[in-house]
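K.L.:
structure here, sequence nowhere to be found:
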């Protein structure tokens, strides 16, 4: 049940309870006042009878007295006079109303008891007055109930409107929309304070999310925050495509530049590589000095991850060549980059300790990819490549050969691996189709 409905029911219930309490109190007061009035009238009748001196000598006068009292009290239902022995000596029932109030009063004359008188008064007039009072109270109560309901609706609307806004914004945050904000000018002071606190909290979450994504890939950050990647040491076996990119001859280059310019150059270089990876749905696994390792199909699954990695390599090559053109124009040396791409099975998950862990992929596929990238150094300066060399394994070529053009360059013995492996050079000026 919605809060607004609960508050409306609460205010209406309080109004009706107040009306019921007033009616019950009115009934109690009516009963008490009626009793006091009838007791006073009964004593008045008894006093009149007792003052009749001819009580024992003239019963006719006593009956006349009773009839006279009936005229004085129109609602006198019955009067019966009994002597000291309880014998009826005079009396009469004047009406036949069912609802009466009866009382018996002792008769005293000159200090001695001379009998009793029993009187009965009709309560019809009192009942009519009571019914009229109850009807009036009920009407007033219903008006109060309606007013209470309207007041409850007004108050609840002021309270729930702000709460509903916060609830709607929380639903957006739950869907990872950290741009959600709440109007801080709606509702009472407490609701406004809650809105301000909520906005401050979401702004802090957005800042933390942005900072977090700077240290891990954006997709990993989102998956960790959404709970898709458990924050615990674990892993799963997955088939992925790994891409290594390394800046060649960086050591002599960095020795010629001040440290500040080296950092600026690396940031400019990595920005191009990261942009290419993200556009193809890949994840940055880590930066290793002047090298970058990217993974496709982990942690987020993507279709045709082999082709996505090849596309990323082509985009890297084009972006670096644009940068080199600017560098050459400015009189600086062009950058030389080697890129290796390989597909295989890995274990993907959180690696490290309970206090410090990284999401990464581990396996022979990673090592082979790094060795393929190292093999690019043999091709620099040849007719095949001047500044950017992209080598792919046979496993990548088998999947993407219909979408890209490759040139076999022979078999290579990779460092630390037995036997030779055929490698393929991604052809120049070819942009694979998007999967």
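P.N.:
Received, thanks. Note that the coordinates shown come from a computational prediction; the quantities given were computed from them, not determined experimentally.

K.L.:
report the mean confidence score over the longest helix anywhere in the chain.
P.N.:
Counting by DSSP state H, the longest helix found in the chain is helix 124-174. Mean pLDDT, computed over helix 124-174, is 73.

K.L.:
tell me what that helix is packed against?
P.N.:
Under the contact definition 3 or more C-beta pairs under 8 Å, 6 or more residues apart in numbering; DSSP states H and E, helix 124-174 sits against helix 3-50, helix 189-215. Every C-beta, even on glycine, is put in place using the N, C-alpha and C of the backbone.

K.L.:
check those for me: which has the lowest mean pLDDT.
P.N.:
With a mean of 67, helix 3-50 has the lowest mean pLDDT of these.

K.L.:
residue ranges for the helices of the stretch 201-350 of the chain, please.
P.N.:
Along the stretch 201-350 of the chain, counting by DSSP state H, counting those that start in this stretch, helices occupy 218-226, 250-255, 259-279, 305-329.

K.L.:
give me whichever of those is most buried.
P.N.:
Mean neighbours per residue, mean count of other C-beta atoms under 10 Å, is largest over the helices of the stretch 201-350 of the chain for helix 305-329, with a mean of 20.

K.L.:
now do it: which elements does it pack against?
P.N.:
So helix 305-329, by 3+ C-beta pairs under 8 Å, 6+ apart, packs with strand 234-248, helix 259-279, strand 291-296, strand 336-352, strand 388-393, helix 394-400, strand 420-426.

K.L.:
run through who's touching the longest one.
P.N.:
Helix 259-279 has contacts (C-beta atoms under 8 Å, 6 or more residues apart in numbering) with 218, 243, 245, 247, 254, 257, 283-284, 287, 290, 292, 294, 312-313, 315-316, 319-320, 323, 335.

K.L.:
quick check: mean pLDDT across that helix?
P.N.:
Model confidence over helix 259-279, given as mean pLDDT, is 92.

K.L.:
same deal with stretch 407-423?
P.N.:
Averaging pLDDT along stretch 407-423 yields 86.

K.L.:
nearest to residue 195, of the helices and strands packed on helix 305-329?
P.N.:
Closest approach to residue 195 among the helices and strands packed on helix 305-329 is made by helix 259-279 (34.4 Å; C-beta to C-beta).

K.L.:
next, the angle from the closest one to strand 336-352.
P.N.:
Here helix 259-279 points in a direction 70 degrees away from that of strand 336-352 (axes from the mean of the first three to the mean of the last three C-alpha atoms, to 10 degrees).

K.L.:
out of the helices of the stretch 201-350 of the chain, the one nearest residue 354 is which?
P.N.:
Taking C-beta to C-beta, helix 218-226 is the member of those nearest to residue 354, at 15.1 Å.

K.L.:
now the closest one: mean pLDDT?
P.N.:
Regarding helix 218-226, the rounded mean pLDDT is 65.

K.L.:
now do residue 313 against residue 405, distance only.
P.N.:
13 Å (C-beta to C-beta, to the nearest Å).

K.L.:
my guess is residue 424 contacts residue 395. True?
P.N.:
No: judged on C-beta atoms under 8 Å, residue 424 makes no contact with residue 395 at a distance of 10.5 Å.

K.L.:
which of those two has more neighbours?
P.N.:
Neighbours per residue (other C-beta atoms under 10 Å) separate residue 424 from residue 395, with residue 424 holding more: 23 against 18.

K.L.:
if we can go back for a sec, return every residue with contacts to both of residue 313 and residue 405.
P.N.:
Common neighbours of residue 313 and residue 405, counting by C-beta under 8 Å, 6+ apart, are residue 426.

K.L.:
and the helix or strand hosting residue 81, what does it pack onto?
P.N.:
Assessed by DSSP states H and E, residue 81 sits inside strand 76-82. Applying 3+ C-beta pairs under 8 Å, 6+ apart, one finds that strand 76-82 contacts helix 3-50, helix 59-72, strand 88-93, strand 100-109, strand 112-122.

K.L.:
now the nearest residue to residue 104 once chain neighbours are set aside, which residues is it bridged with?
P.N.:
Among residues not flanking residue 104 along the chain, residue 118 sits closest, at 4.8 Å (C-beta to C-beta, 6 or more residues apart in numbering). Note on residue 118: beta-bridge partners residue 80, residue 104, judged by DSSP bridges.

K.L.:
neighbours of residue 118, how many?
P.N.:
Neighbour tally, residue 118, other C-beta under 10 Å: 18.

K.L.:
kindly report the same for residue 195.
P.N.:
With other C-beta under 10 Å as criterion, residue 195 counts 22.

K.L.:
residue 268 versus that one, what's the distance?
P.N.:
Separation of residue 195 from residue 268 (C-beta to C-beta) stands at 42 Å.

K.L.:
and if you look at residue 181?
P.N.:
34 Å.

K.L.:
then residue 361?
P.N.:
Remark: distance between residue 361 and residue 268 (C-beta to C-beta) = 27 Å.

K.L.:
what sits against residue 172?
P.N.:
By C-beta under 8 Å, 6+ apart, the contact list for residue 172 reads 179, 180.

K.L.:
bridging residues for the residue lying closest to residue 408 once chain neighbours are set aside?
P.N.:
Spatial nearest neighbour of residue 408, chain neighbours left out: residue 424 (5.5 Å); criterion: C-beta to C-beta, 6+ apart. Under DSSP bridges, the beta-bridge partners of residue 424 are residue 392, residue 408.

K.L.:
list the buried ones in whichever strand or helix holds residue 366?
P.N.:
Under the criterion of DSSP H and E, residue 366 resides in helix 364-374. When burial is assessed from 16 or more other C-beta atoms under 10 Å, helix 364-374 yields the following buried residues: 365, 366, 367, 368, 369, 370, 371, 372, 373, 374.

K.L.:
got CSV for these, with distance to residue 401 and pLDDT too?
P.N.:
Formatted as CSV, the buried residues of helix 364-374 follow (distance: C-beta to C-beta, whole Å; pLDDT from 0 to 100):
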residue, distance to residue 401, pLDDT
365, 20, 95
366, 23, 95
367, 24, 93
368, 19, 94
369, 19, 96
370, 23, 94
371, 22, 93
372, 17, 94
373, 21, 94
374, 24, 90
